[in-house]
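*Asks:* Turn this into a model:
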Amino acid sequence: MRVIAGEFGGRRLDPIEGTDIRPTSDKVKESLFNILGDTVIDSIFLDLFGGTGGIGIEALSRGAKHVVFIDTSIKSIKVLKGNLKNLNVEDNVEVFHTDYSTAIGKLHKYNKQFDIIFIDPPYSVGMAKAALEELDKNPIIAQSGLVIVEHDSRDDMPQRVGKLHMCRIKQYGNTTLSFYNINEQMQQKEE
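*Replies:* As a prediction, the model looks like this:
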């Protein structure tokens, strides 16, 4: 695992040895950040299911102002904190050892807003849709924000989840990225 571009481009990230954790491939990560382009600069970024931090650290490297990492695995959190320390970016981040539902609820309670939310749960267990539903119930996405879900290409993702509307989809072999934004027309009708 490595950081692809930006301030830390080329730097290696420590993986978790001997586990079934599936980090985002470099090909998918590079494509994701090419799509996001300059929207990452000065963004507030949430990396749900953050694992060892590959996506959130890439966001920092490309100019994100602040990144929040969420993960339930203590092994992942330890490796993530080590990766952040090695890059000396501990001041620009928050790391929480908790489940996505609790995290989203607490972030909403404290009025946190994110420009970009990346969701990469374990494949084929239904957590991606459940996380989108939590985001709709506890809106922590900025009005012009974007939610990206990485999932198995065989999994069908909903076109809409409340105010979140799928606006783009990109497939890379067995991996798909589904992009969601806030559907303003639906929001206006519901208010």
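*Asks:* so where's the longest strand in the protein?
*Replies:* Identified as the longest strand of the chain according to DSSP state E is strand 141-152.
*Asks:* Now do the buried residues in that strand.
*Replies:* Judged by neighbour count using 16 or more other C-beta atoms under 10 Å, the buried positions of strand 141-152 are 141, 145-151. Where C-beta positions appear, they are placed from N, C-alpha and C, glycine not excepted.
*Asks:* my guess is Arg160 meets Met166, correct?
*Replies:* Yes: taking contacts as C-beta atoms under 8 Å, Arg160 lies within contact range of Met166: 7.0 Å.
*Asks:* about what we covered before: can you spell out which helices and strands pack onto the longest strand of the chain?
*Replies:* helix 26-36, strand 114-119, helix 127-137, strand 175-182 (3 or more C-beta pairs under 8 Å, 6 or more residues apart in numbering; DSSP states H and E).
*Asks:* what's the most buried one of the ones you listed?
*Replies:* For the helices and strands packed on strand 141-152, average neighbour numbers computed from mean count of other C-beta atoms under 10 Å are highest in strand 114-119, which has a mean of 24.
*Asks:* Can you pull out the residues in contact with it?
*Replies:* Residues outside strand 114-119 that contact it (C-beta atoms under 8 Å, 6 or more residues apart in numbering) are 36, 39-40, 43-49, 55-56, 59, 64, 68, 100, 107, 128, 131-132, 135, 140-142, 144-150.
*Asks:* Please name the bridge partners of the residue positioned nearest the centre of the chain.
*Replies:* Among the residues of the chain, the one closest to the centroid is Phe118, at 1.7 Å (C-alpha atoms, centre = their mean). Beta bridges link Phe118 to Asp47, Ile148, judged by DSSP bridges.
*Asks:* Okay then, goodbye and thanks.
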